[in-house]
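Trainee: quick one, fold the following:
(chains A, B, C and D)
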Protein chains: 4
Amino acid sequence: MPSAATLAALRAFVAERDWDQFHSPENLAKSISIEASELLECFQWSSDFDQTRVEEELADVVTYCVHLANKLGVDLDDIVIRKLQSTAAKYPVHLAKGRMTKYTKLAEEEE
Amino acid sequence: MPSAATLAALRAFVAERDWDQFHSPENLAKSISIEASELLECFQWSSDFDQTRVEEELADVVTYCVHLANKLGVDLDDIVIRKLQSTAAKYPVHLAKGRMTKYTKLAEEEE
Amino acid sequence: MPSAATLAALRAFVAERDWDQFHSPENLAKSISIEASELLECFQWSSDFDQTRVEEELADVVTYCVHLANKLGVDLDDIVIRKLQSTAAKYPVHLAKGRMTKYTKLAEEEE
Amino acid sequence: MPSAATLAALRAFVAERDWDQFHSPENLAKSISIEASELLECFQWSSDFDQTRVEEELADVVTYCVHLANKLGVDLDDIVIRKLQSTAAKYPVHLAKGRMTKYTKLAEEEE
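Mentor: Predicted structure coming up:
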């Protein structure tokens, strides 16, 4: 993740504009957060939403995520799968099924 | 994006826990924003960072992005490429090269 | 805003810990955003909320806002009132009453 | 916090536009987070900043914080002072002086 074609297109976009100099991990983390809020703004006053606008804002978030993964030298599929394994351990099915209770509380219940 | 295996693993994780009921687009947008801030927290006081922690927080952001793309019925590669085309039009190379000036200002310069 | 007593207490807290060196405007802006997301987390999966937790997270946001106002040398009441005047001009009562339509769209309607 | 005059002005602004119906605690929390990101955007690519723009974005964050405090029926000075007391306990001067180490790590050191 992403496809080789998408990755190449994103890299070419940055290279042509000589923007790599601005893409420090910190600046990319700020950018992901800023774009995530623009996505949230689609839902600021209501759960109704404009599909096209949501897609565009989601694309912006993911674009910066790809840039950051590049900088870190990691593949998004790899880190997502690795994190899923640790999340699955924190949220065992028998405790977490059908409810959004934080894992720290689930652990207390289990004791 | 993501790979078929990652997508299947994420869907199974949600299905086993019966969490789809919580995954409204609005809740997922909130979740992306919350996780993006946890990523930003890795850089709160310094641009130095812990690679493992950054990878984990980035994975959380991307995980919710995949869930939202699922809900919207779109592919992340598709929307990223589509958005890249409109961003490229807003930031022509001859104006944007080597600087982070907002496209609205670039457009004023061009007039 | 805040009261002289609150301001003095916040300044003493920072001075005792020698934390002023970390309180650059940029770091404080990151901190406000991070704390705002912790506040949002109180509403991640539902509009129901825990009053005590929300109060604590709101307090964290406002604390960093006071620190930033300090750094900028401005008074929060002053900047809030000044901004209110420009917002009021963008959202005239006869156009904005009873609906959350962005001012750019309101302006189009008015034309 | 804020002054009685600021509070009255903010309440009148909302009442005239009949916007109280949109100001649920959840929507205000989203709004605080969205405005906090606009503040962060002033520092997206550099620690240099435009003072006027930062003041305006900070004002927006604080405005929504005042609206939320109103909804919760709490005074911002009160909750800030209360939170300061618990934060002071988590960050004792002898451990926290001159460094930004999270309280959970400070507690480990103390053991």
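Trainee: residues of chain A that sit close to chain C?
Mentor: Chain A comes close to chain C at residues A:30, A:33, A:44-46, A:100, as judged by Cβ under 8 Å from any Cβ of the partner chain. (Each C-beta comes from the backbone N, C-alpha and C, glycine too.)
Trainee: whichever of those residues end up buried, select them in PyMOL.
Mentor: To isolate the buried members of these in PyMOL, using 16 or more other Cβ atoms under 10 Å in any protein chain shown:
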select buried, chain A and resi 30+33+44+45
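Trainee: closest to chain B out of the residues of chain A next to chain C?
Mentor: Distance to chain B, by Cβ to the nearest Cβ, is smallest for residue A:33 among these, at 4.2 Å.
Trainee: can you list the residue ranges for helices in chain A?
Mentor: A:4-17, A:25-41, A:51-72, A:76-90, A:93-96, A:103-110 (DSSP state H).
Trainee: put the alpha carbons of stretch A:74-93 into PDB.
Mentor: Only the C-alpha atoms of stretch A:74-93 are listed here, as PDB (Å, rounded to 0.1, in the frame of the first residue of the first chain):
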ATOM      1  CA  VAL A  74       8.100   1.600   5.900                       C
ATOM      2  CA  ASP A  75       5.300   0.000   3.900                       C
ATOM      3  CA  LEU A  76       1.800   1.000   5.100                       C
ATOM      4  CA  ASP A  77       0.400  -2.600   4.700                       C
ATOM      5  CA  ASP A  78       3.200  -3.900   6.900                       C
ATOM      6  CA  ILE A  79       2.700  -1.400   9.800                       C
ATOM      7  CA  VAL A  80      -1.100  -1.700   9.600                       C
ATOM      8  CA  ILE A  81      -1.000  -5.500   9.900                       C
ATOM      9  CA  ARG A  82       1.600  -5.300  12.700                       C
ATOM     10  CA  LYS A  83      -0.600  -2.800  14.600                       C
ATOM     11  CA  LEU A  84      -3.700  -4.900  14.000                       C
ATOM     12  CA  GLN A  85      -2.000  -7.800  15.800                       C
ATOM     13  CA  SER A  86      -1.300  -5.800  18.900                       C
ATOM     14  CA  THR A  87      -4.800  -4.200  18.800                       C
ATOM     15  CA  ALA A  88      -6.400  -7.600  18.500                       C
ATOM     16  CA  ALA A  89      -4.600  -8.700  21.700                       C
ATOM     17  CA  LYS A  90      -5.800  -5.600  23.500                       C
ATOM     18  CA  TYR A  91      -9.400  -6.200  22.400                       C
ATOM     19  CA  PRO A  92     -10.100  -9.900  22.700                       C
ATOM     20  CA  VAL A  93     -13.400 -10.800  21.000                       C
END
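Trainee: so which residues make contact with it?
Mentor: A:1-2, A:65-66, A:69, A:103, A:106, B:1-3, B:5-6, B:9-10, B:13, B:16-17, B:55-56, B:58-60, B:62-63, B:66 (Cβ atoms under 8 Å, 6 or more residues apart in numbering or on different chains).
Trainee: stretch A:97-111 too?
Mentor: With Cβ under 8 Å, 6+ apart, stretch A:97-111 has contacts from A:90-92, A:95-96, B:16-19, B:21-22, C:44-46.
Trainee: can you give the distance of that stretch from its chain's centre?
Mentor: Mean C-alpha position of stretch A:97-111 versus that of the full chain (Cα atoms, centre = their mean, to the nearest Å) differs by 24 Å.
Trainee: end to end, how far does it reach?
Mentor: 18 Å (Cα to Cα, to the nearest Å).
Trainee: for that stretch, what is the average pLDDT?
Mentor: The average pLDDT for stretch A:97-111 rounds to 89.
Trainee: the lowest-mean-pLDDT helix or strand in chain A to helix A:76-90, inter-axis angle?
Mentor: Ranked by mean pLDDT, DSSP states H and E, the weakest helix or strand in chain A is helix A:103-110, scoring a mean of 88. Per axes from the mean of the first three to the mean of the last three Cα atoms, to 10 degrees, the angle that helix A:103-110 makes with helix A:76-90 is 30 degrees.
Trainee: of the contacts of stretch A:74-93, keep whichever come out buried.
Mentor: Buried among the contacts of stretch A:74-93 by 16+ other Cβ under 10 Å: A:1-2, A:65-66, A:69, A:106, B:1-3, B:6, B:9-10, B:13, B:17, B:55-56, B:58-60, B:62-63, B:66.
Trainee: distance of residue A:109 relative to residue C:45?
Mentor: From residue A:109 over to residue C:45 the distance is 18 Å, taken as Cβ to Cβ, to the nearest Å.
Trainee: likewise residue A:67?
Mentor: With Cβ to Cβ as the criterion, residue A:67 and residue C:45 are 29 Å apart.
Trainee: same check, this time on residue A:108
Mentor: Taking Cβ to Cβ, one finds residue A:108 at 19 Å from residue C:45.
Trainee: quick one, domains of chain A?
Mentor: Using automatic domain parsing, the domain ranges for chain A come out as A:1-74, A:75-111.
Trainee: pick the most deeply packed of those.
Mentor: Stretch with highest mean neighbour count among the domains of chain A: domain A:1-74 (a mean of 19; mean count of other Cβ atoms under 10 Å in any protein chain shown).
Trainee: make TSV out of the domains of chain A and add distance to residue B:40.
Mentor: Putting these into TSV (distance: least, Cβ to Cβ, whole Å) gives the following:
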stretch	distance to residue B:40
domain A:1-74	5
domain A:75-111	17
